[in-house]
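# mind folding the following:
(3 chains)
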Amino acid sequence: MVGITQLMEDKAFMAFASYSTIVLSKMMFMSIATAFYRLTRKAFSNPEDCGGSDKGENAKKYLRVDDKVERVRRAHLNDLENIVPFLGIGLLYSLSGPDLSTAILHFRLFVGARIYHTIAYLLPLPQPNRALAFLLGYGVTVSMAYRLLTSRLYL
Amino acid sequence: MVGITQLMEDKAFMAFASYSTIVLSKMMFMSIATAFYRLTRKAFSNPEDCGGSDKGENAKKYLRVDDKVERVRRAHLNDLENIVPFLGIGLLYSLSGPDLSTAILHFRLFVGARIYHTIAYLLPLPQPNRALAFLLGYGVTVSMAYRLLTSRLYL
Amino acid sequence: MVGITQLMEDKAFMAFASYSTIVLSKMMFMSIATAFYRLTRKAFSNPEDCGGSDKGENAKKYLRVDDKVERVRRAHLNDLENIVPFLGIGLLYSLSGPDLSTAILHFRLFVGARIYHTIAYLLPLPQPNRALAFLLGYGVTVSMAYRLLTSRLYL
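Down below sits the predicted model:
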């Protein structure tokens, strides 16, 4: 088990593990937010979910689309679309022997940008708040991908 | 190549590899289920997909939304939203030297919960079957994230 | 840090790192394509995004669904649904000591299939171009999952 012990003693990898756990936990929070808005605003997608609010035919009126619920769902999907590349590229980047402070700067900027993106999406803040948060997170991932592709390419 | 050989000889990591392959295969099955319902119920999203069912203008009537297809797609998206955090957090957790039987219990509960979630979504079973399956999988991931953040935090 | 150096010297793992960075970069490009079509076709989901096009009440007419935008979004979601299993299964496969040329063949076919899938979706090319591209990428992932489950199962 020497290999694994060494892996978790590498500081860049440990930092990646910490920041990606935080950003994934934030993404999972979106599921709770969706459920919260669905329940408080009584807007469901499935007939079997409406039962708690009312009985019988009357329940069907809760099968509807709600603006706030859709907003949370779009924020959640945007998270998925951006965090999946971060996880894949960031994992490989953190294993490629980057400079530790540069790596931590990347991870911090990404996590900060995604948290700010969520706040800007849900409140909502006026543009370009959300657009800038998106672009910052995007730029961090592109920067890590660039380093990987220029230093470690093996095709 | 000593490092890699050691990695695949670590039991917690091998268990993670096995269970995550199973749960990802289950998720991939949702693509097949979507295609199956789209074809049998003739409900497509793209004009070019309708050609096999009919010709010319007549084909456009198949550009429609079908309840059963949408149900499979929601189950698929819910899988994505939950399996991505499990993969990221579970990978780091399995590398952090967890107790083997605790780790395997986590993986088994998660895989079981997601399979039951799919069954409850597609049949569908009455609530709270699906909600409980969702919460069980969610709780497993939160438990692994908690352990990572309390034992290995490096910010 | 011996373990990590060894990891990045393993050729199968380096090849996986290179190809998955490429396919993730391609997926990230879909975000740019969505933004491009939203802006040029003036079709937005959020009220706060419409401000740049027009002011006041008039801006609400841009809160609409556009065929081309929806097409890019479906392609993006399909990418997510297929690239997530590839990342998870491919990472474990590349660590399981596969034959190098077999592994590279898998990665190349997958990346080629997904790039062709995107082209076939966005142009669009007539079916079965897109269906075959999807099935090729799907088959590659299933083949890697099969190898993992038959050689390294630990439940």
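# could you pull up the residues touching A:E48?
Contacts here follow CB atoms under 8 Å, 6 or more residues apart in numbering or on different chains; on that basis A:E48 touches B:P124, B:L125, B:P126, B:Q127, B:R130. Quick note: C-beta positions are derived from backbone N, CA and C, even for glycine.
# before we move on, what about A:D66?
By CB under 8 Å, 6+ apart, A:D66 lies in contact with A:Y37, A:R38, A:R41, A:A43.
# now, which of the residues you listed lie within strands?
Counted as lying in strands by DSSP state E, out of the contacts of A:D66, is not a single one.
# what subset of these is buried?
Of the members of the contacts of A:D66, the ones counted as buried by neighbours, 16 or more other CB atoms under 10 Å in any protein chain shown, are A:Y37, A:R38, A:A43.
# now the helices for chain A?
Along chain A, the stretches classed as helices by DSSP state H are A:2-9, A:11-41, A:67-95, A:100-122, A:129-151.
# for the buried ones among the contacts of A:D66, point out the one with the lowest pLDDT.
Least confident entry in the buried ones among the contacts of A:D66, by pLDDT: A:A43, with 77.
# so who does that residue touch?
Applying CB under 8 Å, 6+ apart as the definition, the contact partners of A:A43 turn out to be A:Y37, A:Y62, A:R64, A:V65, A:D66, A:V69.
# give me the spatial nearest neighbour of it, chain neighbours excluded.
When the adjacent residues along the chain are set aside, A:A43 lies closest to A:D66, with 3.5 Å between them (CB to CB, 6 or more residues apart in numbering or on different chains).
# hmm, back to that, report the buried members of the contacts of A:E48.
When the contacts of A:E48 are checked for burial by 16+ other CB under 10 Å, the buried set is B:P124, B:R130.
# turn the contacts of A:E48 into a markdown table, columns for distance to A:Y116 and pLDDT.
What follows is the contacts of A:E48, written out as a markdown table (distance: CB to CB, whole Å; pLDDT from 0 to 100):
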| residue | distance to A:Y116 | pLDDT |
| --- | --- | --- |
| B:P124 | 37 | 83 |
| B:L125 | 39 | 81 |
| B:P126 | 40 | 80 |
| B:Q127 | 35 | 78 |
| B:R130 | 33 | 86 |
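# which one of the contacts of A:E48 is nearest to B:S25?
Minimum separation from B:S25 among the contacts of A:E48 (CB to CB) is found for B:R130, which lies at 20.8 Å.
# what's the distance between the closest residue to A:Y154 other than its chain neighbours and C:F107?
If the residues on either side of it in the chain are set aside, A:Y154 comes closest to C:M14, at 4.0 Å by CB to CB, 6+ apart. Between C:M14 and C:F107 the computed distance is 11 Å (CB to CB, to the nearest Å).
# follow-up on the earlier one: out of the contacts of A:E48, who's nearest chain C?
Of all the contacts of A:E48, the one with the least separation from chain C (CB to the nearest CB) is B:R130, at 20.1 Å.
# what sits against the closest one?
Residues near B:R130 by CB under 8 Å, 6+ apart: A:E48, B:H117, B:A120, B:Y121, B:P124.
# show me which of those has the smallest pLDDT value.
Across the set of these, A:E48 stands lowest in pLDDT, at 78.
# could you check how far it is from chain C?
A:E48 sits at a distance of 24 Å from chain C (criterion: CB to the nearest CB, to the nearest Å).
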